[in-house]
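> missing the sequence, but the structure's below:
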């Protein structure tokens, strides 16, 4: 009987020891799993680096393809609308591919979460993909912000300058030649004086009936001095924005034109009114063209910003979805 009791006691001790051996490792394992962070930053940074590098490569490829498809020559290359549409599509494709690759790597390279529910694993993988996209976007924006800003601002300024320059050329006619011949009136700048040159020259053009005039008038018509032209230019500049030239200035300009061209005072006034009206019309057209160019640049900036916003959303979704795929492959 004593032998039986000792045997039972020994078996009980072995059972307790066996249970301790199996309980302690499980407790240590759960404790270790609880200390593992839910965010694998190494995987996130790896995915973000891959996404940033791939987006840079695709951006350079798209830039090369875009420049090869346009041409400054008429009837060559793609149209402006086609170029804009292809740019939008390429930006979206770039975001989807680059962000998807970064998200997949972030999900595939993260640590295994043992003992975590499936819904929690799905949420963590989605968060890893989104974080990899966010880091890649911030890094890319920090590196390329100055370059992209200079390109956009340069394009807008170039468009406005080209349109404004074309309008000024239409108003001025041969501005360079006029600026050379005319002095700059006091209180005016070079562009104002040059823009008036064509119209001032038109005022002092020779009269068709100059042969019937006296030798003195013929000489004055052929030798219009620079001082007279400069003075008339100053009057035109001072009268800009007015519907008509003040009466005193009109009388004085008409006398100068009559003296140097052989026209009568009345015909000289008619010429001055016609040329001044033409100058005002050209100036108004130039102002309208400049405003239209500014409005087009504004609309282009709005459309560009909105489509960049849409493409970034597509990139965030692609990264989050691809991270769940990578996580499933990691746990398979």
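All right, it came through fine. The structure presented is a predicted model; accordingly, all values stated were derived computationally and were not measured. Numbers count the residues shown, from 1 in each chain.
> ok, residues contacting stretch 43-51?
Residues external to stretch 43-51 that are found in contact with it (Cβ atoms under 8 Å, 6 or more residues apart in numbering): 98-99, 101-111, 128-129, 131-133, 135-136, 139, 319, 323. Backbone N, C-alpha and C define where each C-beta goes, glycine included.
> repeat for stretch 319-329
The contact list for stretch 319-329 (Cβ under 8 Å, 6+ apart) reads 47, 51, 99-110, 121-122, 124-130, 132-133.
> buried subset of these?
Applying 16 or more other Cβ atoms under 10 Å to these, the neighbour count classes 47, 51, 99-110, 121, 124-130, 132-133 as buried.
> mind listing which of those are in strands?
Judged by DSSP state E, strands contain none of the buried ones among the contacts of stretch 319-329.
> Now, those residues that are in helices?
Secondary structure from DSSP state H places 47, 51, 99-108, 121, 124-130, 132-133 of the buried ones among the contacts of stretch 319-329 in helices.
> For residue 143, see how far away the nearest residue to residue 109 once chain neighbours are set aside is.
Leaving aside its sequence neighbours, residue 109 sits nearest to residue 43 (Cβ to Cβ, 6 or more residues apart in numbering; 4.0 Å). Shown here: residue 43 relative to residue 143, a distance of 22 Å by Cβ to Cβ, to the nearest Å.
> cool, residue 83 as well?
26 Å.
> now swap in residue 134 and tell me
On the measure of Cβ to Cβ, residue 134 and residue 143 end up 15 Å apart.
> what's near enough to touch the closest residue to residue 113 other than its chain neighbours?
Of all residues not flanking residue 113 in the chain, residue 121 sits nearest, at 5.9 Å (Cβ to Cβ, 6+ apart). By Cβ under 8 Å, 6+ apart, residue 121 lies in contact with 113, 327, 331.
> Mind checking which of those residues are buried?
113, 327.
> Mark which of the contacts of residue 121 are part of helices, please.
Counting by DSSP H, these place 327, 331 in helices.
> any idea how far residue 201 is from residue 94?
Taken as Cβ to Cβ, the span from residue 94 to residue 201 is 55 Å.
> Of those two, give the one with the bigger neighbour count.
Set residue 94 next to residue 201 and count neighbours by other Cβ atoms under 10 Å: residue 94 wins out with 21 against 18.
> How about the more buried one: what's its closest non-neighbour residue?
In space, residue 94 is closest to residue 58, 4.2 Å off (Cβ to Cβ, 6+ apart).
> Okay, buried residues for whichever strand or helix holds the one you found please.
Element membership for residue 58, per DSSP states H and E: helix 41-69. Buried residues in helix 41-69, counting neighbours by 16+ other Cβ under 10 Å, are found at 43-52, 54-55, 58-59, 62.
> Give me the angle between the secondary structure element (helix or strand) that residue 282 belongs to and helix 41-69.
Residue 282 is part of helix 265-331, with elements assigned from DSSP H and E. Here helix 265-331 points in a direction 140 degrees away from that of helix 41-69 (axes from the mean of the first three to the mean of the last three Cα atoms, to 10 degrees).
> Give me the mean pLDDT for helix 265-331.
Across helix 265-331, the average pLDDT comes to 89.
> and if you look at stretch 48-66?
Summarised as a single mean, pLDDT over stretch 48-66 is 88.
> same deal with stretch 130-148?
83.
> quick one: residue 261 and residue 58, what's the gap?
Counting by Cβ to Cβ, the gap from residue 261 to residue 58 is 67 Å.
> ok, now residue 278?
Between residue 278 and residue 58 the computed distance is 53 Å (Cβ to Cβ).
> Now residue 202: closest residue in space that isn't a chain neighbour?
In space, residue 202 is closest to residue 275, 5.4 Å off (Cβ to Cβ, 6+ apart).
> can you tell me which residues contact residue 96?
By Cβ under 8 Å, 6+ apart, the contact set of residue 96 is 314-315, 318.
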